[in-house]
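**Q** sharing a sequence plus its predicted fold:
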Amino acid sequence: MVQSLEEEIEQLREAMLIVAEEMGLTADKTLEISRQLDRLINQLEALKNSCKV
């Protein structure tokens, strides 16, 4: 689960960089991907923290 989330985060990060380069950092699509990325990173951190308990 952790590994798949990490892979998804990396793919989304790469996609965001491409979109940002093509459309700009403040483009709606860039911001949408950034929000998706934030959600995945938060999920990953929560999952990692729950495994530490």
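**A** Looks like it came in fine.

**Q** can you give me the helices in this protein?
**A** If DSSP state H is used as the criterion, the helices of the chain fall at 2-23, 28-52.

**Q** and those helices as CSV, adding mean neighbour count and mean pLDDT?
**A** Bear in mind the C-beta positions are built from the backbone N, C-alpha and C, glycine included. What follows is the helices of the chain, written out as CSV (neighbours: other CB atoms under 10 Å; pLDDT from 0 to 100):
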stretch, mean neighbour count, mean pLDDT
helix 2-23, 13, 96
helix 28-52, 13, 95
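
**Q** closest to the centroid, which residue in this protein?
**A** Most central in the chain under CA atoms, centre = their mean is residue 37, positioned 2.2 Å from the mean C-alpha point.

**Q** setting aside sequence neighbours, what's the nearest residue to that one?
**A** Closest residue to residue 37 apart from its sequence neighbours, by CB to CB, 6 or more residues apart in numbering: residue 12 at 5.0 Å.

**Q** same check, this time on residue 15
**A** residue 33 (6.0 Å).

**Q** ok, that neighbour touching residue 19?
**A** Yes: using CB atoms under 8 Å, residue 33 makes contact with residue 19 at a distance of 6.0 Å.

**Q** now the common contact residues for those two.
**A** When contacts are counted by CB atoms under 8 Å, 6 or more residues apart in numbering, the set common to residue 33 and residue 19 is empty.

**Q** residue 39 versus the residue nearest to residue 37, what's the distance?
**A** 10 Å (CB to CB, to the nearest Å).

**Q** any idea how far residue 36 is from residue 52?
**A** For residue 36, the distance to residue 52 - CB to CB - is 25 Å.
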